[in-house]
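Asker: Could you look at this predicted model? Sequence included:
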Amino acid sequence: MSPQMIDRLSQAAFDTLFMVGVSASVAVAVGIPLALFLVTSGAGGIFPAPRANRVVGIVVNGFRAVPFIVLLVALIPFTRLVVGTTIGVWAAIVPLAVSATPFFARIAEVSLREVDPGLIEAAQSIGCRRRHILLHVLLPEALPGIVGGLTITLVSMIGASAVAGAVGAGGLGDVAIRYGYQRFDTTVMTVVIAILIALVCLVQFAGDSAVRRLRAR
Amino acid sequence: MDGLAFVGLHDAEAWAGGAAASRPVSAAPAPAAPRTGGTVRFEGVSKTYRSAGGEVRALEDISLAIPAGAIVGIIGRSGAGKSSLLRTVNRLEEPTSGRVLIDGEPIAGLGTEGLVALRRRIGMIFQHFNLLSAKTVRQNVALPLRVAGVDRAETARRVEEALRLVGLEGKADSYPSRLSGGQKQRVGIARALVSDPEILLCDEATSALDPETTLSILGLLRDINRRLGLTIILITHEMSVIREICSEVVVLEAGRVAETGPVWRVFGAPEHPATRALLAPLTHALPEDLAGRVSPHPVPGARALLRIAFAGREAPDLSALAAAAGGSVRLLQAEIERIQGHAVGRMLVAAEWPEAEAQLRAIGLNVEGIGYVAADD
């Protein structure tokens, strides 16, 4: 491989990490409140708002139903509004975040739902207000599951980011398609795949060991 | 529930004497007056659950008064409504009708602030402990104070005291998953006591524990009742728990109060079939070998099987019994215990003299004729 190709690959790896990192941060920042809303606003929840709960549930499902490549194009006006451009890394971050947020929210929701209702009852009995229940009961008790869900989200985002080349965002997937596939450069293809595998393994390993540490208490 | 002496109720004085040295869990710097437990009053409390399948009447018109410092047991089969009743005290459940008064104040009208304040005066422990797995023992016990905005130094001091009271000083930094069931329940008790409540609600607190641990937890509750004077309301489906620590028992059946009274009387002279059913595990049935041979009619040479129930201040007088029986009287089975200073229990005897049953009644014994068996010798 030429030195330029090595440069190109390292730039691509950096772009992938950057895209995934920024949009995962958005997914966590928006997805966790969204999941808390979905869990606590149902009938009989601590913030009951069943109608809003249903509406939000449908919106979340709607976003999850649209394939990422379609979302990427469909969101172009929104992307322009948010980041002022429709090409490059930032143009990919918006649809990546929009697609990862409901995905992560649903996974976090499952973990939050598994928190024993008896713990909420106990918290109420000792004089916890609702925000205390979110802060001291629901989030900490669901944390191992949420971290596990974040791992899954990150891995699927690394996959989705390969499509970001469609808006000129670069990244590993883009290099694989343009050089490896379209120019039949098997070496590049192999190296990209190796990097992706290493990346996914690293994320999975870090996530698993974090979950193990959290569960060991 | 009137005119009853509650065990341990007025030990508050003894406790106040030693208060300066060892007041176990004290309130914020306040006059050091001995605190007494709270009173709870249920007035016509009903609870109906509405579901797709129709209405379930969990509680129907319950009226009870629980005095300060008492240990009251609410017993019933599962589904009798005991859990719902207990939860109306701290409004984890809202009654459909009727009202609950704590220290004479109705609690139904309390807003969020009032409810949070009320719950800080009422501790609660649970069958499955309900400890936060992501927090250490210390953090679990500190949580009620933390959310109440108590400062760090004060919190640390009171958490230490609460942990000392339940005998878990050494476990403060462990996570609940590392503890045994009994230790977990002790953490639950410490968490319930750290905000210095007047009332402690126990929801099947020993049902998940082995018999030995159950006894030690009940002993701890009794001790806490004596030292702190707080009112304890516990629900259980085990009569042995009631016998161990309660002064007063309420038997619930299908959402209604079936029977209520001091423990010795409900044990010695149960009136309601539900009470008898709950007592069955603690009482001996007619032995198999006799049950097969008992006949309802007297036959020549047969002995009368008599069951005599005791529930009173006086312990059974055996010589009076023998004299009244007027001849050979054999003791087949007996279970007499002392509960709250009363002799409570039953004995099964076989009497030779045909008039024995009437004569035993005549000396004031509660006798039930079971039948007749031929002498086996």
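Answerer: Great, that's in hand. Residues are numbered from 1 along each chain as shown, chains lettered A, B, ... in the order given.
Asker: Show the contacting residues for the most centrally placed residue in chain B.
Answerer: Of all residues in chain B, the one closest to the mean position by CA atoms, centre = their mean is B:Gly73, 2.9 Å from it. By CB atoms under 8 Å, 6 or more residues apart in numbering or on different chains, the contact list for B:Gly73 reads B:Leu234, B:Ile235, B:Thr236, B:Val241, B:Ile242, B:Ile245, B:Cys246, B:Glu248, B:Val249, B:Val250, B:Val263. Every residue, glycine included, has its C-beta placed from N, CA and C.
Asker: which residues touch the last one?
Answerer: Contacts were defined as CB under 8 Å, 6+ apart; by that measure B:Val263 touches B:Gly73, B:Ile242, B:Arg243, B:Cys246, B:Ser247, B:Glu248, B:Val249, B:Ile339, B:Gln340.
Asker: Okay, and the third one sits in which element?
Answerer: Spelled out, it's B:Arg243. Under the criterion of DSSP states H and E, B:Arg243 resides in helix B:239-245.
Asker: how about the lengthiest helix in chain A against chain B, any contact?
Answerer: Ranked by residue count and defined by DSSP state H, the top helix of chain A is helix A:3-40. No: if you take CB under 8 Å from any CB of the partner chain as the test, helix A:3-40 misses chain B, and the best it gets is 15.6 Å.
Asker: Tell me how far that helix lies from the chain's centre.
Answerer: 7 Å (CA atoms, centre = their mean, to the nearest Å).
Asker: For the residue nearest to B:Ser207 when sequence neighbours are not counted, grab the count of nearby residues.
Answerer: Residue nearest to B:Ser207 in three dimensions, not counting chain neighbours: B:Gln127, with 5.0 Å by CB to CB, 6 or more residues apart in numbering or on different chains. Look at B:Gln127: counted by other CB atoms under 10 Å in any protein chain shown, it has 19 neighbours.
Asker: if we can go back for a sec, could you point out the helix or strand that follows the longest helix of chain A?
Answerer: Immediately after helix A:3-40, counting by DSSP H and E, sits helix A:50-65.
Asker: got a pLDDT number for residue 135?
Answerer: Because you didn't say which chain, this covers chain A. Per-residue confidence (pLDDT) for A:Leu135: 96.
Asker: Actually, chain B is the one I wanted.
Answerer: 96.
Asker: I figured it was touching B:Val159, is that so?
Answerer: No: B:Lys135 is not in contact with B:Val159 according to CB atoms under 8 Å; the separation is 12.0 Å.
Asker: So these two - more neighbours on which side?
Answerer: A side-by-side neighbour count of B:Lys135 and B:Val159, using other CB under 10 Å, places B:Val159 first with 25 against 19.
Asker: what phi and what psi does the backbone show at that one?
Answerer: Main-chain dihedrals, B:Val159, degrees, to the nearest 10: phi -60, psi -40.
Asker: for the least confident helix or strand in chain A by mean pLDDT, packing partners?
Answerer: The helix or strand of chain A with the lowest confidence, counting by mean pLDDT, DSSP states H and E, is helix A:172-175 at a mean of 86. With contacts taken as 3 or more CB pairs under 8 Å, 6 or more residues apart in numbering or on different chains; DSSP states H and E, helix A:172-175 sits against helix A:3-40, helix A:186-215.
Asker: and of the ones you listed, who's closest to B:Leu101?
Answerer: Distance to B:Leu101, taken as CB to CB, is lowest for helix A:3-40 among those, at 31.1 Å.
Asker: Quick one: mean pLDDT for the longest helix anywhere in chain B?
Answerer: Taking DSSP H as the criterion, chain B has its longest helix at helix B:211-228. Average pLDDT, helix B:211-228: 94.
Asker: Only C-alpha atoms, please: export it in CSV.
Answerer: Coordinates of each C-alpha in helix B:211-228 appear next as CSV, following Å, rounded to 0.1, in the frame of the first residue of the first chain:
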residue,chain,number,x,y,z
PRO,B,211,-36.9,-19.9,60.6
GLU,B,212,-33.8,-19.1,62.6
THR,B,213,-33.3,-15.8,60.7
THR,B,214,-37.0,-15.0,61.1
LEU,B,215,-36.6,-15.3,64.9
SER,B,216,-33.6,-13.0,64.9
ILE,B,217,-35.4,-10.4,62.8
LEU,B,218,-38.5,-10.6,65.0
GLY,B,219,-36.3,-10.2,68.0
LEU,B,220,-34.8,-7.1,66.5
LEU,B,221,-38.2,-5.6,65.8
ARG,B,222,-39.3,-6.3,69.3
ASP,B,223,-36.2,-4.7,70.6
ILE,B,224,-36.7,-1.6,68.4
ASN,B,225,-40.3,-1.3,69.6
ARG,B,226,-39.1,-1.3,73.2
ARG,B,227,-36.2,1.0,72.8
LEU,B,228,-37.7,3.5,70.4
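Asker: Contacts for the helix or strand following it, please.
Answerer: Per DSSP H and E, helix B:211-228 leads on to strand B:231-236 as the next helix or strand towards the C-terminus. Strand B:231-236 has contacts (CB under 8 Å, 6+ apart) with B:37-40, B:66-76, B:82-83, B:85-86, B:89, B:198-207, B:221, B:224-225, B:241-242, B:245-246.
Asker: Of these, grab the buried ones for ChimeraX.
Answerer: A single ChimeraX command selects the buried members of the contacts of strand B:231-236 (16 or more other CB atoms under 10 Å in any protein chain shown):
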select /B:37,38,39,40,66,67,68,69,70,71,72,73,74,75,76,82,83,85,86,89,198,199,200,201,202,203,204,205,206,221,224,225,241,242,245,246
